[in-house]
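Enquirer: Return atomic coordinates for the entry below.
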Amino acid sequence: MAEEVHEEWRAHRLAKNRFVALVCIAICVALVLVAVALMLYNYSGAAQLDLSRPGYSEVRDKVTTSEDEVGFPSTGPITKDTIDSFDKLYTKNAKQATAVNAFEAGLLSDAALRINEDPAATANQ
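Expert: Here you go, the predicted model:
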């Protein structure tokens, strides 16, 4: 009888330790994934574009939003004028997208990404 109680107590203790181990492993996996995500965030260059960082507080005030829509409307009648308008907008954006060398070092600079440009000035081009 004492042997059965001892085995039951051992099984209960092992189950309890498994739960604690599972929680510890889950926390460790979460920490590793967060570390990998932060490394990718810094390596990819996204950290340099993030205006919410403390170093960009003076630039944050200079960012303006444009009320004019630069894109093409997704609804409306399909006429020759709308097709021509879409083709013109598509050609302009395709030229801008393909004009950059994909292996250039300054590809993620503010000028290449047009971060500091006035949106109204680019809409008129």
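Enquirer: Against residue 109, how distant is residue 73?
Expert: Per Cβ to Cβ, to the nearest Å, residue 73 is found 31 Å from residue 109. For glycine as for every other residue, the C-beta is placed from the backbone atoms N, C-alpha and C.
Enquirer: of those two, who's got more company?
Expert: residue 109 (12 against 9; other Cβ atoms under 10 Å).
Enquirer: Tell me the backbone dihedrals of the more buried one, please.
Expert: Backbone torsions for residue 109, taken as degrees, to the nearest 10, come to phi -70, psi 160.
Enquirer: Okay, it and residue 116: tell me how far apart.
Expert: Distance from residue 109 to residue 116, by Cβ to Cβ: 10 Å.
Enquirer: and if you look at residue 84?
Expert: Applying Cβ to Cβ to residue 84 and residue 116 gives a distance of 32 Å.
Enquirer: Same check on residue 86?
Expert: To residue 116, residue 86 is 28 Å away according to Cβ to Cβ.
Enquirer: Neighbour count for these two, which is higher?
Expert: Legend: neighbour count by other Cβ under 10 Å for residue 86 and residue 116, higher for residue 86 (13 against 10).
Enquirer: Ramachandran coordinates for residue 115?
Expert: Phi and psi for residue 115, reported as degrees, to the nearest 10, are phi -80, psi -40.
Enquirer: I'd guessed residue 76 sits against residue 86; true?
Expert: No. With contact defined as Cβ atoms under 8 Å, residue 76 does not reach residue 86; the gap is 10.6 Å.
Enquirer: all helices in the protein, in order from the N-terminus.
Expert: 2-43, 46-49, 57-60, 80-98, 119-123 (DSSP state H).
Enquirer: Flag the shaky bits of this structure, pLDDT-wise.
Expert: Within the chain, the segments meeting pLDDT under 70 span 1, 47-70, 100-107, 112, 117-125.
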